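Here's my sequence, what's the structure:
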Amino acid sequence: MALVLVDTPRPHVGLITLNKPERLNSMSFGLVEALYDAIDEMVADNGIWVVVLTGTGRGFCSGLDLEDRGHVPGIDGMQPARIGIRAMEYMGDTVPALRAMPQPVIAAINGPAYGGGMCLALGADVRLAAESATFSAAGITNGLTSTELGASWLLPRAVGMSHSAELLLTGSEIDAGEAARIGLVSRVVPDGTVVDEAVAVAGRMCELSPFGIQMTKRTLWANLEVDSLTAAIDLENRNQLLAGHTGNLDEAVAAFREKRKPRYRE
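Next comes the predicted model:
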């Protein structure tokens with residue numbers, strides 16, 4: 001059975017589905033390797049403009065598989081210390097891999113998102129939650145830390161320091177409504193509809209300029225890492241100038257005059 005499924009539910013929209021439902025799609029090395037392969041496949045497909053990430057069954061992702069983690073790829077000849085570092089980096093680099101995708105990623109959180117699963121959701125650009133979705137920084141409850149896969153950087157930027165500290169230091173579970181209240185997800189939808197809603201949102205993005213949505217994603221992430229308004233605006237100005245050379249603005253003006261939807265090619 002494939003641990004990660006790849007599909008195209010509508011033109012220009014890719015769907016990545018974690019597929020280990022009997023373990024709530026927990027993160028073994030095998031599943032993570034399949035996730036990297038799926039990401040690479042989406043990145044290489046120039047016809048995919050937006051990607052949806054979800055899980056099979058009743059869970060999004062329950063974090064590290066505590067029963068069967070599998071084997072770390074590429075460790076032949078390594079001693080334990082190097083294997084440990086390789087293992088941590090292999091898991092931890094999943095979130096940067098989502099960030100590095102040129103396509104916006106929409107997380108369709110259909111159930112529990114615990115530990116590394118919550119971090120995968122944080123690595124997405126847009127997060128939608130089903131009513132039954134729950135969230136927990138579970139590392140701390142397993143005798144480890146909750147600061148993994150970029151959580152200590154991503155979560156405060158999503159929900160603020162106080163909410164982040166409470167979640168990360170207590171490992172407490174919050175439901176979808178609370179996640180929406182603090183800004184961890186943008187909205188909550190009825191159970192059974194979250195993937196369809198995420199695909200619909202992706203479809204609306206695909207009516208826009210693919211160049212525009214990709215550069216907007218890049219700018220949002222890049223400007224999270226600068227501490228100057230001037231530097232942020234400088235980057236925005238350069239990207240806006242690049243977008244101006246695509247011909248998209250001319251098409252938007254023509255569509256407005258002709259009372260039709262624009263048809264962007266770039």
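
mind checking pLDDT for residue 76?
Reported pLDDT at residue 76 in the predicted model: 85.

burial of it, as a residue count?
Using other Cβ atoms under 10 Å, residue 76 is surrounded by 5 other residues. Every C-beta, even on glycine, is put in place using the N, C-alpha and C of the backbone.

so it is in which element?
For residue 76, there is no host helix or strand (DSSP states H and E).

do residue 164 as well
helix 161-170.

How about the contacts made by residue 142?
Applying Cβ atoms under 8 Å, 6 or more residues apart in numbering to residue 142 gives the contacts 64, 66, 115.

show me what contacts the second one?
Shown in contact with residue 66 (Cβ under 8 Å, 6+ apart): 26, 142.

How about the residue sitting nearest the centre point of the chain: what's its closest non-neighbour residue?
By Cα atoms, centre = their mean, the chain has its centre lying nearest to residue 124, at 2.0 Å. Among residues not flanking residue 124 along the chain, residue 107 sits closest, at 3.7 Å (Cβ to Cβ, 6 or more residues apart in numbering).

what's the helix or strand in which the one you found is found packed up against?
Using DSSP H and E, residue 107 sits within strand 105-109. If contacts are counted by 3 or more Cβ pairs under 8 Å, 6 or more residues apart in numbering; DSSP states H and E, strand 105-109 sits against strand 50-55, helix 116-122, strand 126-130, helix 194-205.

I'd like the ones you listed written out as CSV, with distance to residue 147 added.
Output for the helices and strands packed on strand 105-109, formatted as CSV (distance: least, Cβ to Cβ, whole Å):
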stretch, distance to residue 147
strand 50-55, 22
helix 116-122, 10
strand 126-130, 20
helix 194-205, 28
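
Out of those, which gets nearest to residue 88?
Evaluated with Cβ to Cβ, the helices and strands packed on strand 105-109 place helix 116-122 nearest to residue 88, the distance being 11.5 Å.
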